[in-house]
Structures are given as structure tokens and as C-alpha cells.
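1. Sequence isn't available, so here's the structure alone:
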Ligand SMILES: C[S@@+](CC[C@H](N)C(=O)[O-])C[C@H]1O[C@@H](n2cnc3c(N)ncnc32)[C@H](O)[C@@H]1O
């Protein structure tokens, strides 16, 4: 396919996402099934146009003075892929599949700096106050960084390999060490139509040498700081991303209990644990089986269900679907999970609360709410651990109080994550 056909396909997929309110990945997959002639390079390019369009949907529509799918796709090529109106016209000149060009006069005369602030930041207007509360005068820079393309991050599995070995095995993919996480490996996002490598097809992946995991997720697992021999519970284990990281940093010694209220989400963990060579993880899908662990565990991690605002770069459609009601629903789930999980912490032990959201409602305010009802827990300084673990030269996350941490694309060049460590005093 030439560029015009890829643009037309992206327009079709964007219209499908809008009309049927469905996740991007599902719409792209369906398009691929219905157009089997399209090669993997075509699919990657179409996917890139669709994701880029959604990441900057508001600013594209404002600058084009047109919110149609066609306008968004043209804006991607002109604002993000390095084309000028002239080079794009030449590229599409004899391409019979190219969509008819929209009116480009607004794009040529408007300046983004004159747009409303939420349009400049490409976030829903009603979320500006939450961003301001978290990032103060840096909120716009933070919002804009959340509209960028994410890198592909991996974690070397020290139970089977080490970072250098994995980087060497993935030499062709332009892989290098991440700046913060101890076992992190990064493959650059690339630009335009460029395709990320399918690392899970590599033999080194099949052998369990690495996991796919955003550097932010690795960092919060590093900050849990479990020691060899300790008893740890990953209370919202999901597919086990953090369970695997905890098990590896404990060098297969001690015990990690992995629990999730949703059995379907937990199911993939079994195969992942096997491939990674973990021998110290017990998976629980029935909460009653954990009764004997109450008040016994050294560390309990609550990687709470959240709105996922920290992952907007990877799932930009969710940025435009989030509602105040979604946040409200999450708040109750988060308090429930944190309260239930806290019952397993031994006196003197640690409760860790993590979200992949940057909204203070789900983060510092949830901690304050929890502490009001549970005064026997006390927040510890995670910033001190950050410096010890990653050194003074590592990029610094945000911190409202020098204790809890908020990682973001702009500050740490990772997905957005919130991290808080609390000690059970009695
Ligand atoms: C952010 S995801 C976990 C991701 C996972 N830790 C990882 O690193 O891949 C949140 C998980 O919390 C689970 N969950 C929600 N409420 C829960 C509760 N009350 N108790 C236990 N798990 C819960 C959800 O099923 C979901 O899998």
C-alpha cells in the first residue's frame, strides 16, 4: 500500500472507533482481518497514524478547524510526520486511494499558543484542575508529554539472564539500557511509519530472558525493595507484571503471594511464571486461602485499579472516554483494595500503594483518606529510597511532600505512576 491507501484505512479505523466506542487495538485488528492483503508494514503504519491522531486529537482538530477523521489524519502527516503541504501533495499526486485533502487554510494561519490551554495540552478540559493540582505551573508541559509516542521497554529477568546479555541478543532492535530502572532496556519509539520490533517472537523472550514492561512499572517494583527471604503479597497481581519483577529481585528466595479478585486477569500469570523460571511465587485465586497470612507479611503491594491516565500514550482513546464518574468508581475500589490488603501487613511491615494514574484524586488524596481511617499506618519517604537506588543523577519524579512519588513521561520519561510506601506502626 502507498501512503494514500494507508491514510484512507486510518480514517476508516478512526471512524469505527468513534462510532462504536471501541478500543483502538480491537478496531485495528478487525481492519486487518477484513483486509488480509495488507502487509505487516502497512498495518504498523496505519496503527501509527491512528494512535498519533488520537494522542493529539484536540490540538489537531483546533489547528485544522475541523474535527473530521480526514482532518485528523492530514494533521498527523503535517504536524507529526514531517510532511509539508507541498511534499504531501507530491506524495499523494497519483495515488488513487488517497483521501481528498481537507481545507488547510486554518492550519496555515493558526498558532497553537492561541488555543485554550487544555487544547494545547491535548487533555479533556475538566481535568485541567487535577493536572494543576498535581504539577502546578508544569502541568501543560506534563500534559503535552503524555501526547507523545511511548518507547518499548523491557526488563531483563535476572533469574535467567542479565541486562547486557539481553541487549546483545536484541542488537538488531537498537536496544539500550534505560536511565533509571536497574534492569530496564529500551527500544526507541521511532517516528513516522517506523515499526517496533516484535520482541516476543525472539528466542531470548521464549527462553525467559526478559519481560515486556514499561520502565515506570519496573521502577515502582524496584522501589518496593523486597529482601531475599521476605514474605510479600502482590494483592492486585493482574497478569503478574510486578509479581515477576518482585520474584526476580528476591532472587527466588522467600515467598511472593500473588492474588487478584479477577481470575481471568490472573490466568496468564501461570505461563509467565513458568517461562521466567520463578520458584518462589504462590498464586491465589480464592481470598479465603490467604486467611492464615493475615498480619504476617513483611510487604503488601496494592497495584490498585485506576483510570490509567498515566498510560494515555499507549491507550490514547481512553483519554477521551474518561468521565468524572469513572474516577468516582475507581476511588471506592481503591479504598476497598487498600483496606483489605492492609490486613495482611505484620506490625512493622510495609504497605505499598501504586496506581498508573497521575490524578491526585486517586493518589495523595486516597492516601490521606486511608490514613484517616487507619492511623496505625505512617507514610515513609520514597524519595530517600529513590536516591539510594538510582543515584543523584537519575531523573527525578514529582513529589507533593518529599515522600510519595509521581512518575511521568515529562519528568522520568516513563508512563505515569504514583508510588507510596506506608509502615504499619502497631
Ligand atoms: C493495575 S491492575 C494490576 C496490574 C498488575 N499488577 C501488573 O503489574 O501487571 C489492577 C488489578 O486489581 C484487581 N483488583 C481490583 N479490585 C481488587 C480487589 N478489591 N482485590 C484484589 N484485586 C483487585 C483488578 O482485577 C486488576 O487486575
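-> Done, it's in. On a predicted model such as this, the values are computed, not experimentally measured, just so you know. Residues are numbered from 1 along each chain as shown.

2. And residue 5, which helix or strand is it part of?
-> helix 3-20 (DSSP states H and E).

3. now that helix: mean pLDDT?
-> Average pLDDT, helix 3-20: 96.

4. ok now it, how far from the chain's centre?
-> 24 Å (Cα atoms, centre = their mean, to the nearest Å).

5. now stretch 231-239
-> Mean-position distance between stretch 231-239 and its chain equals 18 Å (Cα atoms, centre = their mean).

6. Repeat that for stretch 57-74.
-> Going by Cα atoms, centre = their mean, where stretch 57-74 is centred and where its chain is centred differ by 25 Å.

7. swap in stretch 396-406?
-> 18 Å.

8. tell me how far the ends of it are from each other?
-> Distance between the boundary residues of stretch 396-406 (Cα to Cα, to the nearest Å) amounts to 9 Å.

9. what comes up buried for it?
-> By 16 or more other Cβ atoms under 10 Å, the buried positions in stretch 396-406 come out as 396, 397, 398, 399, 400, 403, 404, 405, 406. In short, each C-beta sits where N, CA and C put it, glycine included.

10. what do you get for stretch 88-104?
-> 88, 92, 95, 98, 99, 102, 104.

11. now, the most widely separated pair of those?
-> Farthest apart among the buried residues of stretch 88-104 by Cβ to Cβ are 95 and 104. That separation is 17.5 Å.

12. can you pull the contacts of the residue positioned nearest the centre of the chain?
-> Nearest to the geometric centre of the chain sits residue 311, at 3.4 Å (Cα atoms, centre = their mean). By Cβ atoms under 8 Å, 6 or more residues apart in numbering, the residues touching residue 311 are 214, 318, 356, 415, 416.

13. make it 7 Å
-> 356, 415 (Cβ atoms under 7 Å, 6 or more residues apart in numbering).

14. And for residue 410?
-> Contacts of residue 410 were listed using Cβ under 7 Å, 6+ apart, and they are 141, 142, 145.

15. nearest to residue 39, of these?
-> Comparing those against residue 39 with Cβ to Cβ places residue 145 closest, at 32.2 Å.

16. picking up where we left off before, can you pick the most crowded of the contacts of residue 410?
-> Most neighbours among the contacts of residue 410, by other Cβ atoms under 10 Å: residue 142, with 22 neighbours.

17. picking that back up, can you add distance to the ligand, secondary structure and pLDDT and give the buried residues of stretch 396-406 back as CSV?
-> As requested, these are exported to CSV (distance: Cβ to the nearest ligand atom, whole Å; DSSP: H, G, I helix; E, B strand; the rest coil; pLDDT from 0 to 100):
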residue, distance to the ligand, secondary structure, pLDDT
396, 23, coil, 95
397, 18, coil, 97
398, 20, strand, 96
399, 21, coil, 94
400, 21, coil, 87
403, 22, coil, 95
404, 17, coil, 97
405, 17, strand, 98
406, 16, strand, 98
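
18. on that earlier part again, okay, and which of the buried residues of stretch 88-104 map to helices?
-> Of these, the ones assigned to helices by DSSP state H are 88, 92.

19. Next, format the buried residues of stretch 88-104 as JSON lines and append pLDDT.
-> Listed next are those as JSON lines, based on pLDDT from 0 to 100:
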{"residue": "88", "pLDDT": "97"}
{"residue": "92", "pLDDT": "96"}
{"residue": "95", "pLDDT": "95"}
{"residue": "98", "pLDDT": "96"}
{"residue": "99", "pLDDT": "97"}
{"residue": "102", "pLDDT": "97"}
{"residue": "104", "pLDDT": "97"}
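
20. Show the backbone phi and psi for residue 355.
-> Torsion angles at residue 355 (phi, psi; degrees, to the nearest 10) stand at phi -130, psi 160.

21. what residues does the helix holding residue 5 touch?
-> Counting by Cβ under 7 Å, 6+ apart, 24, 27-28, 31, 42, 45-46, 49-50, 53, 69-70, 72-73, 91-92, 95, 97-99, 317 sit against helix 3-20.

22. got the angle between the very next helix or strand once past that helix and helix 3-20?
-> Following helix 3-20 in sequence order, the next helix or strand is helix 24-34 (DSSP H and E). For helix 24-34 against helix 3-20, the angle by axes from the mean of the first three to the mean of the last three Cα atoms, to 10 degrees is 120 degrees.

23. Got the confidence number for the residue lying closest to residue 300 once chain neighbours are set aside?
-> Spatial nearest neighbour of residue 300, excluding adjacent residues (Cβ to Cβ, 6 or more residues apart in numbering): residue 233 at 4.6 Å. At residue 233, the model reports a pLDDT of 98.

24. what packs against the helix or strand in which residue 233 is found?
-> Taking DSSP H and E as the criterion, residue 233 maps to strand 231-234. Counting by 3 or more Cβ pairs under 7 Å, 6 or more residues apart in numbering; DSSP states H and E, the packing neighbours recorded for strand 231-234 are helix 241-249, strand 255-259, strand 297-303.

25. Residues of the stretch 251-400 of the chain that sit close to the ligand?
-> Within the stretch 251-400 of the chain, the residues that sit near the ligand (Cβ under 6 Å from any ligand atom) are 260, 261, 262, 265, 303, 305, 333, 336, 337, 340.

26. Any idea what the fifth one is bridged to?
-> On the basis of DSSP bridges, residue 303 is bridged to residue 354.

27. related to what we said a few turns ago, identify, from the buried residues of stretch 88-104, the entry nearest to residue 326.
-> Closest to residue 326, out of all of these and judged by Cβ to Cβ, is residue 102, at 32.4 Å.

28. you'd agree the closest one is up against residue 72?
-> No. Counting by Cβ atoms under 7 Å, residue 102 does not reach residue 72; the two are 9.5 Å apart.
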